[in-house]
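In: generate a structure from the sequence data that follows.
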Amino acid sequence: MAKGKDVRVTVLLECTSCVQNRVNKESLGISRYITEKNRHNTPSRLELRKFCPYCYKHTIHGEIKK
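Out: Numbering: from 1, shown residues only. The predicted structure is shown next:
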């Protein structure tokens, strides 16, 4: 068994469109999702298309630090 760092880690995904529009105060909040990823298969930052309830459309959600 591997000790130390786990292979599967929990990550937060945040809507990139809401973060950019935050300056314009167009959106009321920022959409965030919690998911897991395999550290060995995807060492880079994860980006997925998810539904944003504040933008009312599917947008790219990128991985952020906790």
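In: low-confidence ranges, this protein, go.
Out: 1-4, 21-28, 66 (pLDDT under 70).
In: now the strands for it?
Out: 8-15, 32-38, 47-52, 57-64 (DSSP state E).
In: show me what contacts the spatially most central residue of the chain?
Out: When C-alpha atoms, centre = their mean is applied to the chain, the residue found nearest the centroid is L13 (1.1 Å). With contact taken as C-beta atoms under 8 Å, 6 or more residues apart in numbering, L13 is in contact with 32-35, 46, 48, 50, 61-64. In short, each C-beta sits where N, CA and C put it, glycine included.
In: which of those sits closest to R8?
Out: T35 (10.4 Å; C-beta to C-beta).
In: give me the buried entries from the contacts of L13.
Out: Buried residues within those, counting neighbours by 16 or more other C-beta atoms under 10 Å: 61-63.
In: the residue nearest to V11 when sequence neighbours are not counted and G29, how far apart?
Out: Spatially, and ignoring its direct neighbours in sequence, V11 is nearest to E63 (5.0 Å; C-beta to C-beta, 6 or more residues apart in numbering). Distance, E63 to G29, using C-beta to C-beta, to the nearest Å: 19 Å.
In: so what's the nearest residue to S17 once chain neighbours are set aside bridging to?
Out: Closest residue in space to S17, ignoring its immediate chain neighbours: T59 at 4.4 Å, by C-beta to C-beta, 6+ apart. Under the criterion DSSP bridges, T59 forms beta bridges with K50.
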